[in-house]
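Chemist: what follows is a predicted structure for the sequence shown.
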Amino acid sequence: MRDFAQRPDISVVIPVFNEGPNIRLLAARLVPALEQAGVAFEAIFIDDGSRDDSLAELKALCAGEPRFRALSFSRNFGKEIAIAAGLDEARGAAAVIMDSDLQHPPEVIPLFIEKWRAGYKNVYGQRADRATDPKMRTLLTGLFYRLLEKIGDVPLPPGAGDFRLLDRQAVDALLSMRERARFNKGLYAWIGFKSIGVPFEVESRASGESKFNFTSLARFALDGLLSFSSMPLMIWTYVGLVISCFALGMAAYYWVRTMMFGVDTPGFPTLVVSIAFFSGVQLISLGVLGEYIGRIFNEVKGRPLYLIAERVETEIPSPRARGEG
Ligand code: UDP
Ligand code: MG
């Protein structure tokens with residue numbers, strides 16, 4: 001259970017997937033940044049089923065530092081779910097979410113805290129450009145967000161990502177949504193609250209490579225689109241209507257023509273083309289239904305969001321345990 005008796009000001013939530021060499025580098029910059037801001041903090045690392053020495057690194061890090069804790073998942077559940085787990089664990093009056101590859105500079109956190117103290121509850125880091133990403137990814141990501149802006153339920157602020165500070169109220173709001181197909185960028189926008197962006201420069205990855213390839217990004221994009229828009233479901237009503245009207249028109253045309261001139265050619269090509277086309281349309285719409293139904297199935301199974309295999313923390317004996325209370 002969360003122990004609110006010793007609530008820190010800030011809980012830093014950090015998903016980790018095969019980031020062994022980066023963990024110490026991050027800690028070395030994180031602690032001074034938070035101390036400079038003059039806040040009591042805890043840092044929660046979520047080892048998302050890493051296959052390198054990340055867990056060993058985390059254990060070494062947490063051993064000498066009671067402000068650091070780590071959870072280790074039983075397997076890789078994905079970054080969005082790792083963030084949810086970190087927020088579940090967070091005890092702070094606010095939470096900061098950041099990547100563990102040093103692309104999110106810890107020195108920006110004091111600026112987040114300033115905005116938080118000024119009353120903002122959803123303070124997001126806003127990246128100026130995507131210069132550190134591959135060109136193709138930048139292009140496709142741009143297209144995806146433009147589409148989501150057109151057909152999505154909530155407007156997403158441009159350049160906003162996971163690097164952000166959330167007030168306790170916003171954290172609790174986010175945690176009340178236990179959906180499995182998590183698209184955090186949409187959820188952050190959906191909860192609302194007084195929001196503001198803080199511009200920052202994305203740094204290059206300290207070491208290693210991005211954990212997202214084309215397929216995982218495409219799946220993520222589909223999650224985002226289908227969780228925040230029902231347009232793909234509804235568009236088929238209109239497509240169907242247009243096609244039906246067209247077919248009716250065609251029927252009328254052939255009827256008149258046959259009445260006036262009788263039957264001429266057998267019309268084989270028209271037949272084949274229209275059958276192929278309309279079968280395609282039907283399969284696409286079935287596929288769209290399938291995508292939604294698959295997600296509904298996933299949600300109704302009601303499985304836990306994640307499983308924790310191991311917890312790493314340095315126990316500070318409470319006064320009562322020491323016989324002083
Ligand atoms: N990450 C994770 N689980 C995954 C993939 C990534 O926890 O399945 C973490 C990763 O360790 C990093 C953050 O999510 O801290 C962002 O990942 P990455 O840098 O690979 O993504 P990019 O910066 O390319 O968007
Ligand atoms: Mg990264």
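Modeler: Thanks, I have it. Ligands and ions are numbered 1, 2, ... in the order given.

Chemist: measure stretch 125-143 end to end?
Modeler: This stretch, stretch 125-143, spans 21 Å end to end (Cα to Cα, to the nearest Å).

Chemist: outside of it, which residues touch it?
Modeler: Residues outside stretch 125-143 that contact it (Cβ atoms under 8 Å, 6 or more residues apart in numbering): 103-104, 108, 112, 157-161, 163-164, 197-205, 217. From N, CA and C alone the C-beta is placed, and that goes for glycine too.

Chemist: which of these are buried?
Modeler: Buried members of the contacts of stretch 125-143, scored by 16 or more other Cβ atoms under 10 Å, are 103-104, 108, 112, 159-161, 163-164, 197-198, 200, 202.

Chemist: okay if I get these as a markdown table plus distance to Leu305, secondary structure and pLDDT?
Modeler: Shown next, in a markdown table, are the buried ones among the contacts of stretch 125-143 (distance: Cβ to Cβ, whole Å; DSSP: H, G, I helix; E, B strand; the rest coil; pLDDT from 0 to 100):
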| residue | distance to Leu305 | secondary structure | pLDDT |
| --- | --- | --- | --- |
| Gln103 | 25 | coil | 91 |
| His104 | 23 | coil | 93 |
| Val108 | 28 | helix | 94 |
| Phe112 | 26 | helix | 95 |
| Gly159 | 28 | coil | 83 |
| Ala160 | 23 | strand | 86 |
| Gly161 | 21 | strand | 88 |
| Phe163 | 22 | strand | 94 |
| Arg164 | 20 | strand | 94 |
| Gly197 | 28 | strand | 91 |
| Val198 | 29 | strand | 92 |
| Phe200 | 29 | strand | 90 |
| Val202 | 28 | coil | 86 |
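
Chemist: from these, which is closest to ligand 2?
Modeler: Lowest distance from ligand 2 to those (Cβ to the ion) belongs to Gln103, with 4.3 Å.

Chemist: and that closest one, how far is that from Tyr238?
Modeler: 41 Å (Cβ to Cβ, to the nearest Å).

Chemist: go on, Ser54?
Modeler: Ser54 sits 49 Å away from Tyr238, going by Cβ to Cβ.

Chemist: which one of those two has more residues nearby?
Modeler: The neighbour comparison of Ser54 against Tyr238 (other Cβ atoms under 10 Å) goes to Ser54, with 24 against 9.

Chemist: flag every residue of the protein that's near ligand 1.
Modeler: 15-17, 19, 48, 76, 78-79, 82, 99-101, 103, 210-212 (Cβ under 6 Å from any ligand atom).

Chemist: recalculate using a threshold of 5 Å.
Modeler: Neighbours of ligand 1 within the chain, by Cβ under 5 Å from any ligand atom: 15-17, 19, 48, 78-79, 82, 99-101, 210-211.

Chemist: show me where this structure has strands.
Modeler: Per DSSP state E, the chain carries strands over the ranges 10-16, 41-47, 68-73, 94-97, 122-127, 160-167, 195-200, 308-313.

Chemist: turn those strands into a markdown table, columns for distance to Leu87.
Modeler: Listed next are the strands of the chain as a markdown table, based on distance: least, Cβ to Cβ, whole Å:
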| stretch | distance to Leu87 |
| --- | --- |
| strand 10-16 | 6 |
| strand 41-47 | 9 |
| strand 68-73 | 12 |
| strand 94-97 | 6 |
| strand 122-127 | 13 |
| strand 160-167 | 8 |
| strand 195-200 | 17 |
| strand 308-313 | 14 |
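
Chemist: what ranges do the helices span in this structure?
Modeler: With helices called from DSSP state H, the chain shows them at 20-36, 54-63, 79-89, 109-117, 135-151, 168-175, 184-191, 214-228, 231-261, 268-300.

Chemist: nearest to Glu313, of the ones you listed?
Modeler: Nearest to Glu313, of all the helices of the chain, is helix 54-63, at 6.1 Å by Cβ to Cβ.

Chemist: where does this structure have low pLDDT?
Modeler: Scanning the chain with the threshold set as pLDDT under 70 gives 1-5, 130, 264-266, 268, 316-325.

Chemist: any idea how far stretch 40-51 is from the chain center?
Modeler: Centroid displacement of stretch 40-51 relative to its chain, using Cα atoms, centre = their mean, to the nearest Å, is 17 Å.

Chemist: and that stretch, what's buried?
Modeler: By 16+ other Cβ under 10 Å, the buried positions in stretch 40-51 come out as 41-50.

Chemist: widest-spaced pair of these?
Modeler: Phe41 and Gly49 (25.7 Å).
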